[in-house]
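> give me a model of this one.
(chains A and B, ligands or ions: 1)
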Amino acid sequence: MMRYVIVGYGIAGVSAVREIKHQDPEGRVVVITPEPLPPYYRPLITLLIHSPETPIELDEEDAGAEFFTDRAVALRPEEKVVVLASGRKVHYDRLLIATGGVPYIPPVEDLPSQGVFTIRNREDALAIGRYSERCKSAAVIGGGLVGIKTAEALQKRGLEVNVVETMEEILHGRLDKKGTGIIRHRLEEMGIKIYTTQTVNRVITREGAPRELILSSGKRIEADMIVIATGIRASIEWMSDSGIKVSRGIVVDEYMRTTIEDIYAAGDVVEFPDLLTGSSLVSGLWINALQMGRVAGSNMAGGSSRYPGALSVMNAAEIVDIPFISAGIIEPSNGLELIERQRPAYRRFIFEDDVLRGIVFLENVERAGLYINLIRSGRRLGRLKEKAIEGVLSYADLWGQDSRH
Amino acid sequence: MDQVFVRPERCMGCRSCEIACAVQHSKDKTLLSAIMQSPSPQKRLFVEWADGLKMPVLCRHCEDAPCMNACISGCLYRDEKGFIRRRKERCIGCWSCIMACPFGVIVRDRHKRIAVKCDRCHKLDVPACVNACPTKALILVDVDKIPGDRRKSVLLSINNGEA
Ligand SMILES: Cc1cc2nc3c(=O)[nH]c(=O)nc-3n(C[C@H](O)[C@H](O)[C@H](O)COP(=O)(O)OP(=O)(O)OC[C@H]3O[C@@H](n4cnc5c(N)ncnc54)[C@H](O)[C@@H]3O)c2cc1C
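Got it, this is the predicted structure:
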């Protein structure tokens, strides 16, 4: 009987277990997770800041696995053993590393021990919500998607919210300048203060908790609490002595195999080549983690499925009531053509000749998936390019080629 | 399992299916009240024109449904009949499903700020769109009843409007 060990029970781990159980119902599955069960929709945690009762659990099914509430602290491939924080050693025949990401904390002087948070787990969000009850103001460091969602949630709790971002714009890399400009404007209208091209130089504390931040420009902002949302790093320190090849994340092939036999990896913890540019990417996306987990699980149980790869930019969100979807290459470079439309809503297209390479849709996000499929397939659009730009392209236009054999 | 098939050669572009869909998803499910309802009930399929072709484009309740894989809130699920449905109260309006659907058939309810998609009229034996189509451009086929060895060729001929 095969013994499968899964380290980390986020969506990558969950979908791997489902797939293993599906293909090898007899197999023994051991899951190591430091987080309480059941697993949950991680992207929803910012909602817990203002509404702690929001249901976020994943559909509970009998996973048919054994669970160890523990944390892996070392990996010894030569013995085929994972060592846990409790000292326990867990033997595996096939191992999946699905430990996701850990928040990156930039060096900030005088960061107090109280009133400073990161946000990655359910518990983090609940703690932020509880602590905010005694606060009037907050600073969110990092203006990415997670930072902005956190800022919105804290504002809903009635706090004065400041966002500090090193880059020129918030949502850097997620949207083009015009798109982020529109969203920034709306956030500011709502009363959220945004400081870009600035870092936090110092934190002034009172009784061990934050009071004020001094920014690189010299500006002082009041903040009774700080949430650090400056991105994540692959959670790989624990296995750094294992000999598995890592760079920004664990290096895997299209079967989700690492460089050591019988060890697979999936989700936010891995890096793989971008579908369009070939440059290495760490996903940070739910759907990618789900699909990678499934591919890994299938192959661990003896299958041979391949992960087709992903786009490094692919986002859907709604911020301050502005829906947006972006995908592919969103800034034009050599040889790429930029086309923008302002009406009925802002849309931007990046073409290489008649091949769609990227989109940004604001407000009117309908049919984005149709367009993203064209980006993925690299299909030449010919006369359909015009229809695509005018927003009247539909699946009927592609039907002839897709389904008639 | 019953599947809705589209035979574009038969579609006249009359939009009866769109109207039937909107009515079926209105409060009282009658044409008159659907017209009066404000905001108007939304259709979940779309009659589209392409070169030499008209056809209703609708949700296929895909086997490995990208919309469901992309859903980050636990809203989309596959029901016991195999249809991809919503738990409306769990939709947070993140539009991940719209990002994922290659057919472009998930839309927004701009008032409730949630995603809207085909539910295959799960309470009806025959979906409203199929029932309303005067030319049988939309038909319901029980794919399990077609013998396995003939399934592919039969489905292909249906798709090509021959059946
Ligand atoms: C606030 C927020 C909003 C987001 N919004 C979106 C969104 O809108 N759309 C989207 O697509 N994605 C979003 N994401 C990203 C998405 O949640 C991740 O891409 C996804 O959760 C990755 O899944 P994973 O299973 O690879 O890793 P994770 O979900 O990080 O799970 C990894 C698990 O491994 C555990 N672990 C770590 N180290 C160890 C160890 N040594 N031993 C044992 N267990 C360990 C962790 O505790 C965790 O439970 C968001 C993330 C956050 C935090």
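> point out where chain A drops to low pLDDT.
Scanning chain A for pLDDT under 70 picks out A:60-61, A:400-405.
> residues from it in reach of chain B?
Applying C-beta under 8 Å from any C-beta of the partner chain, we find that chain A lies next to chain B at A:41, A:43-44, A:47, A:55-59, A:286-287, A:290-291, A:314-318, A:321, A:323, A:325, A:327, A:365-370, A:372-373, A:394-397, A:399-400, A:403-405. Any C-beta I mention is one placed from the backbone N, CA and C, and that applies to glycine too.
> using ChimeraX, define a selection of the buried residues within those residues.
With 16 or more other C-beta atoms under 10 Å in any protein chain shown as the criterion, this ChimeraX line picks the buried residues out of the residues of chain A next to chain B:
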select /A:41,43,44,47,56,58,286,287,290,291,314,315,316,317,318,323,325,327,365,366,367,368,369,370,372,373,394,395,396,397,399
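> so which of the residues of chain A next to chain B reach the ligand?
Near the ligand, taking C-beta under 6 Å from any ligand atom as the test, the members of the residues of chain A next to chain B found are A:Pro43, A:Trp286, A:Ile287, A:Ala317.
> mind listing what the residue in chain B positioned nearest to the ligand touches?
Closest approach between chain B and the ligand, counting by C-beta to the nearest ligand atom: B:Ile72, at 5.0 Å. Shown in contact with B:Ile72 (C-beta atoms under 8 Å, 6 or more residues apart in numbering or on different chains): A:Tyr41, A:Pro43, A:Leu44, A:Trp286, B:Ile92, B:Cys94, B:Ser96.
> hmm, back to that, mind telling me the two of the ones next to the ligand among the residues of chain A next to chain B farthest from one another?
Maximum pairwise distance among those (C-beta to C-beta): 13.5 Å, between A:Ile287 and A:Ala317.
> any idea how far chain A is from the residue nearest to B:Thr135 when sequence neighbours are not counted?
Spatially, and ignoring its direct neighbours in sequence, B:Thr135 is nearest to B:Arg10 (4.5 Å; C-beta to C-beta, 6 or more residues apart in numbering or on different chains). According to C-beta to the nearest C-beta, to the nearest Å, B:Arg10 stands 14 Å off from chain A.
> B:Arg10 contacts B:Ala137, correct?
Yes - contact between B:Arg10 and B:Ala137 holds when scored by C-beta atoms under 8 Å: they sit 3.9 Å apart.
> sec struct for B:Lys54, please.
The three-state assignment at B:Lys54 reads strand, by DSSP: H, G, I helix; E, B strand; the rest coil.
> one step back: neighbour count: B:Arg10 and B:Ala137, which is higher?
Legend: neighbour count by other C-beta atoms under 10 Å in any protein chain shown for B:Arg10 and B:Ala137, higher for B:Ala137 (25 against 16).
> list phi and psi for that one.
The phi/psi pair for B:Ala137 (degrees, to the nearest 10) reads phi -70, psi -20.
> who are the contact partners of it?
Neighbour list for B:Ala137: B:Val6, B:Arg7, B:Pro8, B:Glu9, B:Arg10, B:Cys11, B:Met12, B:Met55, B:Pro56 [criterion: C-beta under 8 Å, 6+ apart].
> same thing but at 7 Å, please
By C-beta atoms under 7 Å, 6 or more residues apart in numbering or on different chains, B:Ala137 lies in contact with B:Val6, B:Arg7, B:Pro8, B:Arg10, B:Cys11, B:Pro56.
> just for chain B, where's the confidence low?
Checking chain B against pLDDT under 70 turns up B:152-163.
> the stretch 201-350 of chain A against the ligand: which residues are in contact?
For the stretch 201-350 of chain A, the residues in contact with the ligand (C-beta under 6 Å from any ligand atom) are A:Ser235, A:Trp238, A:Gly267, A:Asp268, A:Val269, A:Gly284, A:Leu285, A:Trp286, A:Ile287, A:Ala289, A:Ala317.
> what's the local residue count around residue 8?
I'll assume chain A. 28.
> wrong one, chain B
Residues within reach of B:Pro8, counting by other C-beta under 10 Å, total 22.
> how about A:Met1?
Using other C-beta under 10 Å, A:Met1 is surrounded by 7 other residues.
> returning to what we had before: nearest to A:Leu338 among the contacts of B:Ile72?
B:Ser96 (25.7 Å).
> what segments of chain B are helices?
Ranges of helices in chain B, per DSSP state H, are B:16-24, B:31-36, B:66-70, B:96-100, B:128-132, B:148-159.
> mean neighbour count, the ones you listed: which tops it?
Of all the helices of chain B, helix B:96-100 carries the top mean neighbour count, a mean of 27, counting by mean count of other C-beta atoms under 10 Å in any protein chain shown.
> any residue of that helix touching chain A?
Yes - contact of helix B:96-100 with chain A (C-beta under 7 Å from any C-beta of the partner chain) involves B:Ser96, B:Ile98, B:Met99, B:Ala100.
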